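> have a look; sequence and predicted model below, questions after that.
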Amino acid sequence: MADSVTDLLTLERRGPIALLRLNRPAKRNAVNDSLVLALRDAFEQLDAEVRAVVIAGEGEHFCAGLDLGELRERDAEQGLYHSRMWHKALDAVQFGRVPVVAALHGAVVGGGLELAAAAHIRVADATAFYALPEGSRGIFVGGGGSVRVPKLIGVARMTDMMLTGRVYDAEEGERAGFAQYLVPAGHALDKALELAERLAGNAPMTNYAVTQVLPRIAEQPADHGLLTESLVAAIAQSAPEAKARVGAFLAGRAEKVRRADG
Ligand code: 1HE
């Protein structure tokens, strides 16, 4: 049942999962100011029972990036605040309470790629393609792309994309690191929901440590990172849920790790 956040962003609850869809297909889900703010609000105001989010796009494309129609109106000062507004919204995605899975198809370009990069897991179908057309439009990334995209694909690939307009198709994109999963056309949402179901079943402390602490440790000098790791490991293992899960394994009641094809 669609429970509309705004006309531009729909929210559907599927048990512990919130499915958010960019809903501006006539404009290829180009992100205008209202949609950025709707994203921020949706992530900041998630129901307490939500344990994972899937974000997807209506129509033929995930997202065509920034609504270029609005850009023509802004001066430098407004441009600065506009970019900071995107940062707040995409921080709400990356550093919200729960893990986020992006289901990608068609265009994942410009700000659409910046949004996808703020998710924790990206599932792409065979129609997905990735580009940073900012370079050819005479602008620069402004939605956190210079920070998040190199963490997926490296500075050299991002530099090439922005200088040459290079477009990665779905297969090249998976190899380069844009998406962790590649599925046949039309299957990204199903796979994303399946993964979200799995994440929703994790101990909340594990999800918190992985989504909030791991990226911060990556920014720390190694000796700080190791200390942070020890502190978080100690907190996580002391939680009653961790004791129960480890106990279940030792009693033969929990799933074993198996080969991917097993
Ligand atoms: C748009 C936008 C948009 C489509 N802003 N209106 N992003 C870009 O530079 C990508 C620009 N878009 C495209 O390259 C293509 O539209 C797509 C590859 C995404 C899709 O192609 P297609 O053939 O399916 O659709 P279309 O016919 O190009 O577009 C349909 C309509 O959507 C059309 O409007 P209409 O009124 O003529 O029907 C397009 O103008 C409109 N549309 N994309 C505004 N982006 C935080 S900073 C981030 C900086 C950026 O993201 S820069 C990169 C912007």
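Received it, and whenever you're ready, just let me know what you need.
> domain ranges for this structure?
Listed by automatic domain parsing, the domain ranges of the chain are 4-200, 204-250.
> all strands for the stretch 1-150 of the chain, in order.
2-6, 9-14, 17-22, 52-57, 100-104, 107-109, 121-125, 129-131 (DSSP state E, counting those that start in this stretch).
> which one of the ones you listed lies closest to the ligand?
When the strands of the stretch 1-150 of the chain are compared by Cβ to the nearest ligand atom, strand 107-109 sits nearest the ligand, at 3.8 Å. In short, each C-beta sits where N, CA and C put it, glycine included.
> check contacts around residue 65.
For residue 65, the contacting residues are 30, 31, 109, 110, 111, 112, 113, 114, 133, by Cβ atoms under 8 Å, 6 or more residues apart in numbering.
> sorry, back to before: in JSON lines: the domains of the chain, plus distance to the ligand and mean pLDDT.
Converted to JSON lines, the domains of the chain look like this (distance: least, Cβ to the nearest ligand atom, whole Å; pLDDT from 0 to 100):
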{"stretch": "domain 4-200", "distance to the ligand": "2", "mean pLDDT": "96"}
{"stretch": "domain 204-250", "distance to the ligand": "20", "mean pLDDT": "94"}
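> who wins for neighbours among the contacts of residue 65?
residue 113 (33 neighbours; other Cβ atoms under 10 Å).
> out of the strands of the stretch 1-150 of the chain, deepest packed?
Mean neighbour count (mean count of other Cβ atoms under 10 Å) peaks for strand 100-104 among those, with a mean of 29.
> list the neighbouring strands of that one plus their orientation.
strand 52-57 (parallel), strand 121-125 (parallel) (DSSP bridges).
> what ranges do the helices span in this protein?
Using DSSP state H, the helices of the chain run over 33-44, 68-71, 76-94, 111-118, 134-137, 145-153, 155-164, 170-176, 188-200, 204-208, 214-219, 222-238, 240-250.
> where's the first one relative to the chain centroid, distance-wise?
Pointing back at helix 33-44 there. Between the centre of helix 33-44 and the centre of its chain there are 14 Å (Cα atoms, centre = their mean, to the nearest Å).
> and that helix, which residues are buried?
Buried residues in helix 33-44, counted by 16 or more other Cβ atoms under 10 Å: 35, 36, 37, 38, 39, 40, 42, 43.
> same thing with the third one?
When neighbours are counted by 16+ other Cβ under 10 Å, the buried residues of helix 76-94 are found to be 82, 83, 85, 86, 87, 89, 90, 92, 93, 94.
> tell me how far the fourth one lies from residue 110.
As for residue 86, its distance to residue 110 is 11 Å (criterion: Cβ to Cβ, to the nearest Å).
> then the third one?
If you measure residue 85 against residue 110 using Cβ to Cβ, the figure is 16 Å.
> who's in contact with residue 128?
By Cβ under 8 Å, 6+ apart, the residues touching residue 128 are 62, 104, 105, 106, 108, 169, 170, 173, 178, 179, 188.
> correction: the previous question concerned residue 209.
232, 236.
> now swap in the one 4 residues further on and tell me
Applying Cβ under 8 Å, 6+ apart, we find residue 213 in contact with 228, 232.
> count of neighbours near residue 159?
Counted with other Cβ under 10 Å, residue 159 comes out at 13.
> on that earlier part again, out of the strands paired with strand 100-104, nearest to residue 254?
Comparing the strands paired with strand 100-104 against residue 254 with Cβ to Cβ, the closest turns out to be strand 52-57 (20.3 Å).
> for the spatially most central residue of the chain, which non-adjacent residue is closest in space?
What sits nearest the mean C-alpha location of the chain, by Cα atoms, centre = their mean, is residue 119, with 1.2 Å. Spatial nearest neighbour of residue 119, chain neighbours left out: residue 102 (3.8 Å); criterion: Cβ to Cβ, 6 or more residues apart in numbering.
> lovely, talk soon.
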